[in-house]
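Peer 1: Return a 3D structure for these sequence lines:
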Amino acid sequence: MSLMLKEIAQQPEVLERTLAAETPKVARFAKFLAARDIRLIVLVARGSSDNAALFGRYLLEITSNIPVSLAAPSVHTLYGAKLATRNMLVVGVSQSGEGTDINFVLERSKKAGAYTLGITNEAGSSMAGLVDEVFLIRAGKERSVAATKTYTGQLLMFYLLASSLQQGRGLEKLHQLPELASQSLRLAPAIQSMVERYRFMNHCIVVGRGLIYANVYELAIKLMETCYIITERFSSADFLHGPVAMVQKDFPVIVFAPPGKTFKDILRLTQQLRKLKAETLVISSEPAILKWATQGIQIPSKIEEFLAPIPYIIPGQLFAAMLAAVKGLSPDRPRSLKKVTKTL
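Peer 2: This is a model prediction of the structure:
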């Protein structure tokens, strides 16, 4: 068994351990934020952490009504811009806490008057030493290059930040997440039985929208780095503005379709893909959309959209790891990649 599969299986435990250790920080950080007039939140990240930040943008804007921006670190590191950051919360997201450009932006923003938060898996990291507060993922050592348990840990940290911005509201729902993750892991045999079908897939599209949109990016990067599949990712709304023209008979499209605000839109798209005779793999709990799929991964229980991102990415992680094995590739050691990538 690959390290990636072993680490995927650890996620319920990681979520439970992290919730137990980090939930007490929510009240303290809520007081910290309440004493400050936060007008803007800026998220700074790269790679899978940047995908987690995309989820953070949706979640924080929906729950706090504060505008959220995804930073472009090069603005600081290459172009030397000095942004006005007073009344801003700047959040760095890095598994290792050693992302050179992420820490540079945090340090510069803090000097300019911003309040800073670090989301990391490493308590002794450079990031942890320079921010006002740390939300620490308790994932243990992640040995596979492909991030899995740290990605879902980062999603969990954004839930805790959202709760801090709402004076603790929403915390009680989060204790469902470890069990929901365990339910998703039980889909492994069904996923294993279908991956052989995709052995020769060398290109595909991943589609979703709203709170699940970050998973579109995350599954795409997993397929690119572990299976070397050329993978495009789209919001279902953007997909219909041109890229749908690529789709023809047997073109592979993977669709995230949790129940909620985006479901009707995704259902209409899946019905259109059926008419185009695409090879459509749908991840959903809902029979109403699964019946239109070529292949379906049925999430065991109906999960509200707010909690769906963590249990919905786990089948995608399993699919990527298992497909890599079928292709004769190691998902733990992708070519040309290292666990910690430092850029400026």
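Peer 1: switch to C-alpha atoms for all contacts and neighbour counts from now on
Peer 2: Noted.
Peer 1: Look up phi and psi at the residue positioned nearest the centre of the chain.
Peer 2: What sits nearest the mean C-alpha location of the chain, by C-alpha atoms, centre = their mean, is A52, with 3.7 Å. Main-chain torsions, A52, degrees, to the nearest 10: phi -60, psi -40.
Peer 1: and what of Y79?
Peer 2: The phi/psi pair for Y79 (degrees, to the nearest 10) is phi -100, psi -10.
Peer 1: Same question for the one 4 residues further on.
Peer 2: Backbone torsions of L83, given as degrees, to the nearest 10, read phi -90, psi 150.
Peer 1: check which helix or strand covers E225.
Peer 2: Assigned by DSSP states H and E, E225 falls within helix 213-227.
Peer 1: Which other helices and strands does that helix contact?
Peer 2: If contacts are counted by 3 or more C-alpha pairs under 8 Å, 6 or more residues apart in numbering; DSSP states H and E, helix 213-227 sits against helix 47-64, strand 203-208, strand 230-235, helix 309-326.
Peer 1: Could you list the paired strands of the second one along with their orientation?
Peer 2: In its sheet, strand 203-208 lies beside strand 230-235 (parallel), strand 252-256 (parallel), with partners assigned from DSSP bridges.
Peer 1: Flag every buried residue along that strand.
Peer 2: Using 16 or more other C-alpha atoms under 10 Å as the test for burial, strand 203-208 gives 204-208.
Peer 1: Pass me the low-pLDDT residue ranges in this structure, would you?
Peer 2: 334-344 (pLDDT under 70).
Peer 1: In it, spot the helix with the most residues.
Peer 2: What stands out as the longest helix in the chain, according to DSSP state H, is helix 11-34.
Peer 1: neighbouring contacts of the helix or strand following it?
Peer 2: Note on helix 11-34: by DSSP H and E, the next helix or strand toward the C-terminus is strand 40-45. The contact list for strand 40-45 (C-alpha atoms under 8 Å, 6 or more residues apart in numbering) reads 50, 53, 57, 66-73, 87-94, 102, 105.
Peer 1: which ones are touching E142?
Peer 2: 7, 149-150.
Peer 1: likewise L54?
Peer 2: So, once contact is read as C-alpha under 8 Å, 6+ apart, L54 ends up touching 70, 213-214.
Peer 1: Out of the residues you listed, who's the most crowded?
Peer 2: Compared across those, A214 has the highest neighbour count, 27 neighbours, by other C-alpha atoms under 10 Å.
Peer 1: Pretty sure that residue sits against S49.
Peer 2: No: counting by C-alpha atoms under 8 Å, A214 does not reach S49; the two are 10.1 Å apart.
Peer 1: if we can go back for a sec, can you tell me which of the helices and strands packed on helix 213-227 is nearest to Q271?
Peer 2: strand 203-208 (13.6 Å; C-alpha to C-alpha).
Peer 1: The closest one versus helix 213-227: what angle between them?
Peer 2: 160 degrees (axes from the mean of the first three to the mean of the last three C-alpha atoms, to 10 degrees).
Peer 1: Now render the strands paired with strand 203-208 as TSV, adding distance to A293 and mean neighbour count.
Peer 2: TSV is the format used below for the strands paired with strand 203-208 (distance: least, C-alpha to C-alpha, whole Å; neighbours: other C-alpha atoms under 10 Å):
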stretch	distance to A293	mean neighbour count
strand 230-235	18	18
strand 252-256	9	24
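Peer 1: And those: which comes nearest R17?
Peer 2: Closest approach to R17 among those (C-alpha to C-alpha): strand 252-256, 27.4 Å.
Peer 1: Run the angle between the closest one and helix 309-326 for me.
Peer 2: 150 degrees.
Peer 1: what's next to strand 252-256, contact-wise?
Peer 2: Strand 252-256 is contacted by residues 201, 203-208, 212, 216, 266, 270, 278-284, 312 when judged by C-alpha under 8 Å, 6+ apart.
Peer 1: at 6 Å instead, please
Peer 2: Strand 252-256 has contacts (C-alpha atoms under 6 Å, 6 or more residues apart in numbering) with 204-208, 279-283.
Peer 1: Pull the number of nearby residues for E172.
Peer 2: Quick note: E172 (other C-alpha under 10 Å) scores 9 neighbours.
Peer 1: Give me the three-state assignment for it.
Peer 2: helix (DSSP: H, G, I helix; E, B strand; the rest coil).
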